[in-house]
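# Below are the sequence and a predicted model; questions follow.
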Amino acid sequence: MRALVSVLTFVLLAVLGPASAAGTTGTAAAAPSGFPLPLPGGLGEPTGANDWDCQPPRKRPTPVVIVHGTIGDRKSLLDPLSAAIKAKGFCVFSLDYGNRGTGDIVASARQLKKFTKRVLKATGAAKVSMVGHSQGGMMPRHYIKFLGGAKVVDDLVGLAPSNHGTVLTGGTALSILTGPLFEGICRACNQQAIGSPFLERLNAGDETPGRVSYTQVTTAYDEVVVPHLSGYLRPGPRTTNTTLQDSCPGDPAEHLLIPMSRTAIAWTLEALTRPGPARKDFRPPC
């Protein structure tokens, strides 16, 4: 039931929530495949984000790019996260990609690359950091590993990232989006199934390439990325894996609401404001 509620909420956000038209300031063009939804203008920007005149201060030289999840957009669920990062002094940017993240993930990663180039040009920064929710925590890894992102990404923070996929495929609440008849509607859904060819290629060999710092934050109540520990990456000196409830047992955030979780935001800021990934022994306020 929890999985069904979460999926329906995602769909309602996509159908009823405002979305941006291709070419709107702060967005990348939509991929040709993906969820066939109308994309009217007027979405607006996350709090503090997409100020293209923002110049990174000396204390915060690395702009932050927020990457939404499947059936998401650049604003929905992301205002508290964006506002918190901005309040720490960062220039913050957020993009739409892949027809609400439903299109081919490889194409979406190319859009992220294009958007990142724009951010670097506008800010004069040498690198960016990225904070992604769900698919948005995993998709940048394709950019890093295969599209040159390792040279320009400093930190990658994944919030309930689908790094190794989910078992919620046919026969579950997600089957409407992952069945073969819906391949043209949500190709990214199939690509995020455990064992998909896309994920097999992404995770072959080094899961954390480059000098990027990787911080992965999951929730024990995740009903979309199942099991939630599939969001973890292989341990290493530049990798921190954590679950919200390990540091704050009372945090109720599940998959949909993790970007709004006080605990998740604290872990994100810990990663962004220090060299390397978040400290493994970091204890956020609960």
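Ah, there it is.
# What residues of the lengthiest helix in the chain count as buried?
Identified as the longest helix of the chain according to DSSP state H is helix 105-123. Buried positions in helix 105-123, judged by neighbour count with 16 or more other CB atoms under 10 Å: 105-113, 115-116, 119, 122-123. (Each C-beta comes from the backbone N, C-alpha and C, glycine too.)
# List just the nearest of the residues you listed to residue 232.
Among the buried residues of helix 105-123, residue 105 lies closest to residue 232 (CB to CB), at 19.3 Å.
# got a list of what the closest one touches?
By CB atoms under 8 Å, 6 or more residues apart in numbering, the contact set of residue 105 is 98, 135, 139, 142, 187, 188, 191, 192, 198.
# cool, residue 276 as well?
Taking CB under 8 Å, 6+ apart as the test, what residue 276 contacts is 213, 238.
# Confirm that it lies within a helix, as I assumed.
No: assigned with DSSP: H, G, I helix; E, B strand; the rest coil, residue 276 falls outside any helix and is coil.
# Below-threshold pLDDT in the stretch 51-200 of the chain: ranges please.
169-184 (pLDDT under 70).
# can you pull out the strands in it?
64-67, 92-95, 128-133, 153-159 (DSSP state E, counting those that start in this stretch).
# where does residue 235 fall, phi/psi-wise?
Main-chain dihedrals, residue 235, degrees, to the nearest 10: phi -60, psi 150.
# Please look at it and residue 216 and confirm they touch.
No: between residue 235 and residue 216 there is no contact under CB atoms under 8 Å: 10.7 Å.
# Between those two, which has more neighbouring residues?
It is residue 216, of residue 235 and residue 216, that has more neighbours when counted by other CB atoms under 10 Å, with 27 against 11.
# quick revisit: what angle separates the longest helix of the chain from strand 128-133?
140 degrees (axes from the mean of the first three to the mean of the last three CA atoms, to 10 degrees).
# Give the buried residues for stretch 210-228.
For stretch 210-228, by 16+ other CB under 10 Å, it's 210, 212-219, 221-226, 228.
# out of those, who's nearest residue 168?
Once CB to CB is applied, the member of the buried residues of stretch 210-228 that ends up nearest residue 168 is residue 226, at 5.3 Å.
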